[in-house]
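Engineer: sequence first, predicted coordinates after that:
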Amino acid sequence: MSNKFGGNLLVSILGTWEAADGGPARSYPTGGLCYYMSPPETIGHVIEDPVHAVAYIAFMLGSCAYFSKTWIDVSGSSAKDVAKQLKDQQMVMRGHREKSMVHELNRYIPTAAAFGGLCIGALSVLADFLGKILVEYIELSLSFVLKNQLGLCLHCLASFVSRFSVH
């Protein structure tokens, strides 16, 4: 959309994209809402643009908490549904009627769901950042090993050639 409708204000607010080195199959958001909702590409980008990293973390945590609170209503785990299940099993909370039991459960269930969503979001962000650190470490290690191996190979080749060269 960014390439086709780049002059449109709504499309520009949603995001602008730039093609990656690998070709047109992969492009990265470089501006707009999509940029702030996407994870930083490297740890260096986190240092260069900490607002992007903070916005991404806030988006992930907030959206996970929101969807988990929404899921309890959709899945039949809301306070009303739990109170009905407890009543059907002839279980009661001591000192509470059915309406007050729903009110009491409403104090805990949405909070627990939101906290669970926050934990899942934090785990996702942590896994994303640890994955990026691991990939950067592997790339750095491989480049170091390859440089040293290439240097060793060139040294061996030079000594081999010098044996057969005419002085």
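Structural biologist: Ah, there it is.
Engineer: residue contacts, the residue most central in space within the chain?
Structural biologist: Centrality entry for the chain: nearest residue to the mean C-alpha point is residue 125, 4.5 Å, by C-alpha atoms, centre = their mean. Applying C-beta atoms under 8 Å, 6 or more residues apart in numbering, one finds that residue 125 lies in contact with 56-57, 60-61. Yep, even glycine has a C-beta here, placed from its N, CA and C like the rest.
Engineer: nearest to residue 16, of the residues you listed?
Structural biologist: residue 56 (16.9 Å; C-beta to C-beta).
Engineer: host element of that closest one?
Structural biologist: When elements are defined using DSSP states H and E, residue 56 is found to belong to helix 50-74.
Engineer: on that earlier part again, next, format the contacts of residue 125 as TSV and append distance to residue 44, neighbour count and pLDDT.
Structural biologist: Listed next are these as TSV, based on distance: C-beta to C-beta, whole Å; neighbours: other C-beta atoms under 10 Å; pLDDT from 0 to 100:
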residue	distance to residue 44	neighbour count	pLDDT
56	15	20	94
57	17	18	95
60	20	20	94
61	23	18	95
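Engineer: which of those lies closest to residue 140?
Structural biologist: Using C-beta to C-beta, these come closest to residue 140 at residue 56, 23.5 Å.
Engineer: look up how far residue 120 lies from the closest residue to the closest one other than its chain neighbours.
Structural biologist: Distance criterion C-beta to C-beta, 6 or more residues apart in numbering; nearest residue to residue 56, sequence neighbours excluded, is residue 39 at 5.6 Å. Distance, residue 39 to residue 120, using C-beta to C-beta, to the nearest Å: 16 Å.
Engineer: which of those two has more residues huddled nearby?
Structural biologist: Neighbour tally, residue 39 and residue 120, criterion other C-beta atoms under 10 Å: the higher count belongs to residue 39, 19 against 16.
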